[in-house]
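Student: Only the shape, not the letters, is given here:
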């Protein structure tokens, strides 16, 4: 019985991780036109390249754009982009972007 419980827990975690990655990938489609398919571009030639950022840095930046406490030249544009994202979507997007190595 314990083995079955462990299998169910692991399966649930893997399923949730996969769901988050899928949601993050879907959300990133709106970002790709400026940041590139793998975060390799400086958006509009002005932003930092986000490829290689870890999840925490991405999430902190997105939350900072949302609350107005972060950003340089692209602050106004990004505030509008992230205003529609709740914390779960920010987490899913940050998880996906962190896979760009």
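Tutor: Noted; the coordinates are in hand. Given the structure is predicted, the values throughout are model-derived calculations rather than measurements.
Student: which residues in the protein form helices?
Tutor: Ranges of helices in the chain, per DSSP state H, are 2-35, 55-67, 75-82, 87-97.
Student: For the protein, which residues score under the pLDDT cut-off?
Tutor: Applying pLDDT under 70 to the chain flags the ranges 1-21.
Student: Would you check how far apart residue 24 and residue 76 are?
Tutor: Going from residue 24 to residue 76 by CB to CB, to the nearest Å gives 24 Å. To be clear about C-beta, it is placed using only N, CA and C from the backbone, and glycine gets the same treatment.
Student: whoops, residue 32 was the one
Tutor: Residue 32 is 20 Å from residue 76, by CB to CB.
Student: And for residue 57?
Tutor: For residue 57, the distance to residue 76 equals 21 Å [CB to CB].
Student: again with residue 61
Tutor: 15 Å.
Student: So between those two, which is more surrounded?
Tutor: The residue with more neighbours, out of residue 61 and residue 76, is residue 61; 21 against 11, by other CB atoms under 10 Å.
Student: Go ahead and confirm the more buried one touches residue 70.
Tutor: Yes: if you go by CB atoms under 8 Å, residue 61 and residue 70 touch, sitting 5.7 Å apart.
Student: which residues touch residue 28?
Tutor: By CB atoms under 8 Å, 6 or more residues apart in numbering, the contact list for residue 28 reads 93, 96, 97.
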